[in-house]
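S.K.: Generate a structure from the sequence data that follows.
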Amino acid sequence: MTDKLAELLDLRVIGPAADRGDGAGPSITYGVTIDDAFTVGPKVHGGSMQMIIARAARLALDDLAPADAPDTALHTADVVPVAISSDYLAAPDPAQVELTATVRKRGRTVTLVHVDLTQNGRVMVSSSVTLARPDTGTAHHSSPTVLDDLPAEPTADAISVGETPLSDVMHLGQALDLGLDPATFPVIRGEKGDPVIRGWARPRDAAPDSYFSVLVCDISPPVVMNLALFGWAPTVQLTTYIRREPAPGWLRFAATTVEVGAGMFEEDHLVVDSTGAVVAQSRQLALIPQRQR
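M.R.: Okay, here's the model as predicted:
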C-alpha cells in the first residue's frame with residue numbers, strides 16, 4: 001500500500017487493556033494521526049474512519065485475548081471484520097484520534113466489538129463491528145449487477161478525480177488511484193443524469209485487501225450530484241459488509257440510490273474485484289447538501 005494508507009492503519013496502543021467493570025467487557029485504546037489526504041473538504045472522510053475502526057476491532061480481538069485460552073489464536077487466525085455499523089455523531093479534523101475497542105462478545109463463529117472513535121475527548125463515531133470468517137468458494141446464487149458491463153480496469157476516457165475540480169474538495173487521490181466512469185458522471189459536463197456513479201479504485205503499488213474494501217464502500221462522490229444537488233452531504237449512519245478478500249487488481253464500485261428525499265437520501269455501494277466477485281457492500285443514510293434544503 002502507499003505510505004499514507006499504511007500509516008492510517010498503523011494503530012498504536014495508547015491505553016492499556018482494562019475491564020471497565022460495568023459488564024461491557026475488556027477494552028483497549030489505540031491512537032493514530034489522520035493525514036489530510038483522507039478528507040472531504042476540511043473534515044475526515046467517513047469511509048476512511050470506518051477502515052481504521054475495522055482495524056481497531058481486529059487488533060483488539062488479539063490484544064484482548066484471554067490469557068487462559070491458549071487455543072484462541074487457532075480460532076481467530078482467519079477472522080476479519082465482516083460488518084461495521086457506524087453512527088456519525090460529529091466530523092473530526094485530520095489530526096490525532098483515539099479508538100477505544102471493547103469486546104462485547106467473543107465466540108468461535110462470531111465476535112462483536114464496540115469501537116468509539118474520539119477526538120479531544122468527544123465521541124465522533126460510534127460503531128459496532130462484527131468479526132467472523134469471510135465467504136470463500138463459489139456463491140450459491142449471484143444476480144446481475146450495475147457493474148457487469150464495466151471493464152475490470154479504467155477505460156481510456158475514465159475521469160481521474162485528481163485532474164478535476166473535485167480534487168479541491170475530495171483529497172483521496174493523494175493516497176490511492178481513483179477513476180470515475182464518464183457515462184455515469186454527467187455533472188462533469190454540466191449535465192444532469194440518474195443518481196448512479198460508477199468507477200475504479202486501487203491502492204498504489206499493492207493489492208487491495210478487506211480494509212481497503214471498507215474505504216471503497218464510501219468512495220463515490222454523492223450520487224445526488226447528478227441531480228445538481230451540490231455541497232457537503234453529511235453521513236448520518238453507514239453500514240458496510242465485507243463479503244470476501246478481493247483478488248489483486250482494481251476494485252470496481254457503483255453508488256446508487258432508490259430514494260432521494262427532501263432532506264435525506266440513502267446511498268448504496270457495491271464493490272467487486274477484478275474477477276467480478278462481490279467483495280463488499282454498504283448502505284448509508286445521508287443529508288441532502290445543506291444549501292439545497
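S.K.: how close does L180 get to A95?
M.R.: 29 Å (Cβ to Cβ, to the nearest Å). To be clear about C-beta, it is placed using only N, CA and C from the backbone, and glycine gets the same treatment.
S.K.: Those two: which has the busier surroundings?
M.R.: Neighbour tally, L180 and A95, criterion other Cβ atoms under 10 Å: the higher count belongs to L180, 23 against 12.
S.K.: Report the beta-bridge partner residues of that one.
M.R.: Per DSSP bridges, the residues bridged to L180 are I159, G199.
S.K.: Against D35, how distant is it?
M.R.: 23 Å.
S.K.: Then F230?
M.R.: The value you get for F230 to D35, if Cβ to Cβ is used, is 26 Å.
S.K.: The two: which is more packed in?
M.R.: More crowded of F230 and D35, by other Cβ under 10 Å: D35, with 19 against 15.
S.K.: Which residues are in contact with A254?
M.R.: The neighbours of A254, taking Cβ atoms under 8 Å, 6 or more residues apart in numbering as the test, are T145, V146, L147, L150, T184, V196, I197, R198, H269, L270.
S.K.: and what of L61?
M.R.: Counted by Cβ under 8 Å, 6+ apart, L61 has contacts T76, V79, V103, R106, T111, V113, L131.
S.K.: Can you classify it by secondary structure?
M.R.: helix (DSSP: H, G, I helix; E, B strand; the rest coil).
S.K.: Give me the pLDDT for it.
M.R.: At L61, the model reports a pLDDT of 93.
S.K.: Equivalent analysis for A24, please.
M.R.: For A24, the predicted pLDDT is 69.
S.K.: what's the answer for R104, then?
M.R.: Looking at R104, the pLDDT reads 92.
S.K.: just checking, it touches V110?
M.R.: No - counting by Cβ atoms under 8 Å, R104 stays clear of V110, with 10.9 Å between them.
S.K.: which intervals of the stretch 101-250 of the chain have sub-threshold pLDDT?
M.R.: Within the stretch 101-250 of the chain, no stretch has pLDDT under 70.
S.K.: Can you identify each of the strands in it by residue range?
M.R.: Ranges of strands in the stretch 101-250 of the chain, per DSSP state E, counting those that start in this stretch, are 111-119, 122-132, 159-160, 176-180, 197-203, 235-242.
S.K.: Now these in CSV, please, with extra columns for distance to F212.
M.R.: Formatted as CSV, these follow (distance: least, Cβ to Cβ, whole Å):
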stretch, distance to F212
strand 111-119, 18
strand 122-132, 16
strand 159-160, 19
strand 176-180, 8
strand 197-203, 6
strand 235-242, 10
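S.K.: Buried residues of stretch 191-200, list them for me.
M.R.: By 16 or more other Cβ atoms under 10 Å, the buried positions in stretch 191-200 come out as G193, P195, V196, I197, R198, G199, W200.
S.K.: From the residues you listed, pick the one nearest L285.
M.R.: P195 (14.7 Å; Cβ to Cβ).
S.K.: which residues pair with the closest residue in space to R104 that isn't next to it in sequence across the strands?
M.R.: Nearest residue to R104, sequence neighbours excluded (Cβ to Cβ, 6 or more residues apart in numbering): L112, at 4.6 Å. Counting by DSSP bridges, L112 is bridged to K105, T130.
S.K.: From S85, how far out is L112?
M.R.: For L112, the distance to S85 - Cβ to Cβ - is 11 Å.
S.K.: Same check on D10?
M.R.: On the measure of Cβ to Cβ, D10 and S85 end up 24 Å apart.
S.K.: Counting neighbours, go ahead and name the busier of those two.
M.R.: S85 (15 against 12).
S.K.: how much space between that one and M124?
M.R.: 15 Å.
S.K.: for R198, same thing?
M.R.: In terms of Cβ to Cβ, R198 sits 30 Å off from M124.
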